[in-house]
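1. any chance you could fold what I've pasted below:
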Amino acid sequence: MSHRFFTDEGFEFLALIALGSAAYRLSEVGEVYATADRITDGDGESWFEEWMATATRVRRIAEDCESRGDVVSARDALIILNNGSDGPVSDMLFMGAVDAVARGWNAITFDGPGQGYALYEQGMFFRYDWEKVITPVVDFLVARHDVDPERIVLSGNSQGGYWVPRAVAFEKRIAAAVADPGVVRVDTSWRSHLPPVMIQLLESGDDADFDSYFAQGVENDPVAQTTLAKRKEPYGSDSMAAIMHELEKWDLADVAGQITCPILITEPEDEQFWPGQSRQL
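-> Take a look at the predicted model:
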């Protein structure tokens, strides 16, 4: 690609997502370019502030249009932009919700523990037993008049490829499920980057040394420090050793056999986080 918004790979990736969202009317090309132009490359605070400024301005336009009864303009201008967090709820609009509605389905999405509002406003952290999250969502849906309780489908992408199979192994009101991709052990995406000596420390229970070595590995890399801090946030722990031990429970090997509904398991090309696990699942 001849044009880049940023030299920072993370910023570039998310800017392209925002630009691609224009096809779903979730962004406007000119606004993406204008916002990116104001952002200091690699500066997380700048990224957050400028996208928030754009979102706030566009929301005011939408609310003004709505107050005057101009519902078409209101629809076109109330837009949700990616704020740089991992997996914001707005992603699900272009990852299924828009297409579902276009085909006559109802669609719902939510922030579960460790995600978006549930994390930052309610202090809820990731949990391995995702059926405890999906069951209340199903309870909410079956109480609605516009939901057929026999035709509820659950679809999850990325780490949702673990959560969805885990949930449907226990929540039997789900008629069908999608795991994109299939994930059996979540921790392999972390462990695969660790040298053997770190694995040995982890398995021997030497958590203090593990955390110390981990901290040393990123002490001269501010970008890595920021990324790591954001990755740890949803687990509610500052100890990487504690997180890795928690992730030992995130394993479908003993529960996948309890899945009774039809499930579509995708196998993306060049899967970078959980290669081979779709076929394993």
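
2. ok, and the closest non-adjacent residue to V29?
-> Leaving aside its sequence neighbours, V29 sits nearest to A22 (CB to CB, 6 or more residues apart in numbering; 5.2 Å). Where you see a C-beta, it was placed from the backbone N, CA and C, and this is true even at glycine.

3. tell me the secondary structure for that neighbour?
-> Look at A22: counting by DSSP: H, G, I helix; E, B strand; the rest coil, its state is helix.

4. for the one 4 residues further on, same thing?
-> Three-state assignment for L26 (three-state DSSP): coil.

5. G161 and A179: what is the separation?
-> If you measure G161 against A179 using CB to CB, to the nearest Å, the figure is 4 Å.

6. nope, E267 is what I meant
-> 10 Å.

7. need the residues touching each of the two.
-> Taking CB atoms under 8 Å, 6 or more residues apart in numbering as the criterion, E267 and A179 both touch S278.

8. would you map the helices across the stretch 1-150 of the chain?
-> Here the stretch 1-150 of the chain has its helices, by DSSP state H, counting those that start in this stretch, at 9-20, 29-38, 44-67, 71-77, 91-92, 98-102, 116-120, 131-142.

9. separation between the residue of the chain most remote from its centre and A62?
-> Going by CA atoms, centre = their mean, the residue of the chain most distant from its centre is R68, 35.6 Å out. For R68, the distance to A62 equals 11 Å [CB to CB].

10. out of the helices and strands in the chain, which is least certain?
-> Here the helix or strand of the chain ranked lowest by mean pLDDT, DSSP states H and E is helix 71-77, holding a mean of 56.

11. okay, which residue is most central for the chain?
-> G87 (2.5 Å).

12. ok, that one to D111 distance?
-> For G87, the distance to D111 - CB to CB - is 9 Å.

13. also Y128?
-> Noted for Y128: a distance of 18 Å to D111, by CB to CB.

14. repeat for A55
-> 17 Å.

15. what does V147 give?
-> Distance, V147 to D111, by CB to CB: 20 Å.

16. one more: P149?
-> Relative to D111, P149 is positioned 24 Å away (CB to CB).

17. how about R25?
-> R25 is 22 Å from D111, by CB to CB.

18. out of those two, which sits in the busier spot?
-> Shown here are R25 and D111; by other CB atoms under 10 Å, D111 has more neighbours (17 against 13).

19. ok, the more buried one touching Y117?
-> Yes - counting by CB atoms under 8 Å, D111 touches Y117, with 4.5 Å between them.

20. what sits in contact with each of the two?
-> With contacts taken as CB under 8 Å, 6+ apart, D111 and Y117 have V89 as neighbours in common.

21. return the residues in contact with R191.
-> Counting by CB under 8 Å, 6+ apart, R191 has contacts I199, M244.

22. quick one, phi psi at it?
-> Note on R191: backbone dihedrals following degrees, to the nearest 10 are phi -60, psi -30.

23. again with I263
-> phi -140, psi 130.

24. same thing with the one 4 residues further on?
-> Dihedral angles of E267 (phi, psi; degrees, to the nearest 10) stand at phi -130, psi 80.

25. quick one: the nearest residue to it once chain neighbours are set aside from Y162, how far?
-> In this structure, E267 finds its nearest non-sequential neighbour in S278, 4.1 Å apart by CB to CB, 6+ apart. Relative to Y162, S278 is positioned 11 Å away (criterion: CB to CB).

26. now do the shared contacts for those two.
-> With CB under 8 Å, 6+ apart, S278 and Y162 have common neighbours A179.

27. what count of nearby residues applies to A18?
-> Counted with other CB under 10 Å, the neighbours of A18 add up to 22.

28. my read: it touches A34, true?
-> No - between A18 and A34 there is no contact under CB under 8 Å: 11.6 Å.
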